[in-house]
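Peer 1: here's a sequence, model it:
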Amino acid sequence: MESFVVKGGKKLSGKVQISGAKNAVMPIITACAMVGGEVILHNVPDSIDPLTLLDVMKKLGMKIKQLSPGTWSLSSNGDLKSVVEGAQTEKIRGSQTLLGAILARKGEVTLQALGGCRIGARPIDLHVKGLKALGAEVEMVKGSVFAKVSGRLKGANIFLDFPSVGATENILLAASTAEGQTIIENAAAEPEIEDLAKFLRLCGAKISGDGTKTIQIEGVESLKGTHHSIIPDRIETGTFMIGAVMAGGDVLIEQALPSTVDSLIFKLQEAGVIVRIENHTSIRIRNTSRPKAINIKTLPYPGFPTDLQPQTTAMCSIADGVSVISESVFESRFGAVPELVRMGAEIQAEGHSVIVKGVEKLQGTEVIAPDLRGAVALVLAGLCAEGTTKVVGAHHADRGYEKFEMKLKAIGADIERGAENQTNQHSEEQ
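Peer 2: Take a look at the predicted model:
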């Protein structure tokens, strides 16, 4: 197992370029199963989850080819397998949208496993409810999902009990070629939903209202090939913004989409950080002192993103004052907290919240990355800690970040990647 080794105390300075959004590219890759003709995707991040999903699509029968760094060709003649084996999907979460895409294309689908980080219950009941409303027969047995439909799916009015991103994506995909009109009420409004809808419109789908709580879809007979560039990753953007605050310095974040991180910008300004929008694709972060304590509560977009909560908790661990961090999206997303405590953070759990009393300095030590966002949160903690921090489990970060440590090194961080040759006492306790 590989680790990140971080020597703290280095100020960050320079420019960092943001990659394409992992959470946007995943449903768009699965949507390609519905398309007749070639799709060219640009700005595809070179991270594990998208690359794994591309391999899954290839094994299902699609023609996949990398044309250049970040640019991929995907095409299918319709002769796709309808069974997605668990061994192909258990390590990634984005495979869930294969349900809607393959069901719409083939009339049946079997998905044997769902993967991703262990950050709490991620039930797919809303996905199932939506597909059933469109006329599918859906059955769940021992972790596998079976769905089928006779003929075309039928448009329907669907109300989501929670604005689930995955359920909205699945319904959006399935309804794009369904017969008649579908209306999704209480839909997710994330930028990644808008990017998926934009892609589907380029393919010929008739979709309106994306980015709002009500999405309308007029089903079409078929979808055609197109070119599409994936939006910048707002979570990577936020991660580097927080990293610049914690390490201190002056960092220009480029190829970003500032409007998608408004909630973080507001909170960083509340913490006393200088945040400047240089233009429509660049954000400058300047910080020379401890941030002030802030309170956050994660919410569906445009609220504060759950995917930035672990990094923000790490930042609050060195803030001046007491912060309250409330997690309302994934109940078990405080996996990095015990590791931050090992570094000297003063954090107390209170239900679905943590109370963080900021300390002046964290202390470098060996910590275990619990999941994707927890891994990068611990790396950010290492940037400002005294001494050396070893974050075991670099592979977690690789799932959602392209060249993470290389980008940090380019702006002044002292970080290396190394192999873990032996199991120590701390990892045995996990």
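Peer 1: for stretch 283-296, measure first residue to last.
Peer 2: With CA to CA, to the nearest Å applied, stretch 283-296 spans 21 Å between its terminal residues.
Peer 1: tell me the mean pLDDT over that stretch?
Peer 2: For stretch 283-296, mean pLDDT is 98.
Peer 1: same deal with stretch 43-59?
Peer 2: Rounded mean pLDDT across stretch 43-59 is 96.
Peer 1: can we start the residue count at 42 from this point?
Peer 2: All set: I'll call the first residue 42, so the last point we hit is now stretch 84-100.
Peer 1: name the residues that touch that stretch?
Peer 2: 60-63, 66-67, 70-71, 73-74, 105, 110-113, 115, 122, 125-126, 129-130, 132-136, 139, 270-274, 436, 439-444 (CB atoms under 8 Å, 6 or more residues apart in numbering). For glycine as for every other residue, the C-beta is placed from the backbone atoms N, C-alpha and C.
Peer 1: list only buried entries from the residues you listed.
Peer 2: 60-63, 66-67, 70-71, 73-74, 105, 111, 113, 115, 125, 129-130, 133-136, 139, 270-274, 439-443 (16 or more other CB atoms under 10 Å).
Peer 1: residues near Arg325, how many?
Peer 2: 17 (other CB atoms under 10 Å).
Peer 1: quick one on the thing from earlier: of the contacts of stretch 84-100, which belong to strands?
Peer 2: Ile105, Thr112, Trp113, Leu115, Val125, Ser270 (DSSP state E).
Peer 1: Provide a list of residues in contact with the residue lying closest to the second one once chain neighbours are set aside.
Peer 2: Pointing back at Thr112 there. Distances taken as CB to CB, 6 or more residues apart in numbering put His83 closest to Thr112, at 5.1 Å, once the chain neighbours are dropped. Counting by CB under 8 Å, 6+ apart, His83 touches Gly61, Gly111, Thr112, His268, His269, Ser270, Ile271.
Peer 1: can you report phi and psi for His83?
Peer 2: Backbone dihedrals for His83, given as degrees, to the nearest 10, come out at phi -110, psi 160.
Peer 1: thinking again about what came up before, now for the ones in strands among the contacts of stretch 84-100, which pair is the farthest apart?
Peer 2: Using CB to CB, these span at most 26.8 Å, a distance reached by Val125 and Ser270.
Peer 1: mind giving me the domain ranges of this protein?
Peer 2: 43-60+273-470, 63-270 (automatic domain parsing).
Peer 1: list the residues that contact Ile337.
Peer 2: Contacts for Ile337 were tallied using CB under 8 Å, 6+ apart; they are Lys308, Phe345, Gln350, Thr353, Ser364, Val365, Ile366, Ser367.
Peer 1: state the distance from the closest residue to Val378 other than its chain neighbours to Leu424.
Peer 2: Distances taken as CB to CB, 6+ apart place Ile388 nearest to Val378, at 5.2 Å, with adjacent residues excluded. Between Ile388 and Leu424 the distance, using CB to CB, to the nearest Å, works out to 18 Å.
Peer 1: repeat for Gly459
Peer 2: Taking CB to CB as the measure, Gly459 falls 17 Å from Leu424.
Peer 1: between those two, who's got more neighbours?
Peer 2: Neighbours around Gly459 and Leu424, counted as other CB under 10 Å, are more numerous at Leu424. The numbers are 28 against 11.
Peer 1: enumerate every residue touching the more buried one.
Peer 2: Leu424 neighbours (CB under 8 Å, 6+ apart): Val47, Gly49, Lys51, Leu53, Gly284, Met287, Ala288, Leu449, Ala454, Ile456.
Peer 1: let me know the helix or strand that it is in.
Peer 2: Per DSSP states H and E, Leu424 falls inside helix 413-425.
Peer 1: mind putting the ones in strands among the contacts of stretch 84-100 into CSV with distance to Arg383 and pLDDT?
Peer 2: Formatted as CSV, the ones in strands among the contacts of stretch 84-100 follow (distance: CB to CB, whole Å; pLDDT from 0 to 100):
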residue, distance to Arg383, pLDDT
Ile105, 42, 98
Thr112, 42, 99
Trp113, 40, 99
Leu115, 44, 98
Val125, 39, 92
Ser270, 41, 99
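Peer 1: around His321, how many other residues sit close by?
Peer 2: Using other CB under 10 Å: His321 sits among 9 other residues.
Peer 1: which phi and psi does it have?
Peer 2: phi -70, psi 0.
Peer 1: next one: Val190
Peer 2: The phi/psi pair for Val190 (degrees, to the nearest 10) is phi -150, psi 140.
Peer 1: ok, the nearest residue to it once chain neighbours are set aside - contacts?
Peer 2: The shortest distance from Val190 to any non-neighbouring residue, by CB to CB, 6+ apart, is to Ala177 (4.6 Å). Going by CB under 8 Å, 6+ apart, Ala177 touches Leu144, Ala188, Lys189, Val190, Leu194, Ala215.
Peer 1: next one: Ala177 from Ile69, what distance?
Peer 2: From Ala177 to Ile69 the distance is 22 Å (CB to CB).
Peer 1: what's the answer for Tyr342, then?
Peer 2: Applying CB to CB, the value for Tyr342 to Ile69 is 18 Å.
Peer 1: higher neighbour count, those two?
Peer 2: Ile69 (28 against 20).
Peer 1: I'd guessed that one sits against Leu237; true?
Peer 2: Yes. Applying CB atoms under 8 Å as the test, Ile69 and Leu237 come out as touching, 5.8 Å apart.
Peer 1: mind listing the strands for the stretch 292-441 of the chain?
Peer 2: Here the stretch 292-441 of the chain has its strands, by DSSP state E, counting those that start in this stretch, at 315-320, 323-328, 337-338, 363-367, 387-391, 394-398, 407-409, 429-433.
Peer 1: equivalent analysis for the stretch 142-291 of the chain, please.
Peer 2: With DSSP E, counting those that start in this stretch as the criterion, the stretch 142-291 of the chain has strands spanning 149-152, 178-182, 185-189, 198-200, 222-226, 247-249, 255-259, 264-265, 268-270, 290-295.
Peer 1: angle of the last one against strand 323-328?
Peer 2: Here strand 290-295 points in a direction 170 degrees away from that of strand 323-328 (axes from the mean of the first three to the mean of the last three CA atoms, to 10 degrees).
Peer 1: check Arg159 and give its pLDDT.
Peer 2: Taking Arg159 on its own, its pLDDT is 49.
Peer 1: got the contact list for Ile271?
Peer 2: Gly61, Ala62, Ala65, Val66, Ile69, Leu82, His83, Asn84, Val85, Pro86, Asp236.
Peer 1: OK, contacts around the nearest residue to Val76 once chain neighbours are set aside?
Peer 2: Spatially, and ignoring its direct neighbours in sequence, Val76 is nearest to Leu264 (4.7 Å; CB to CB, 6+ apart). Contact partners of Leu264, counting by CB under 8 Å, 6+ apart, are Met75, Val76, Gly77, Ser217, Thr218, Leu241, Cys244, Gly245, Ala246.
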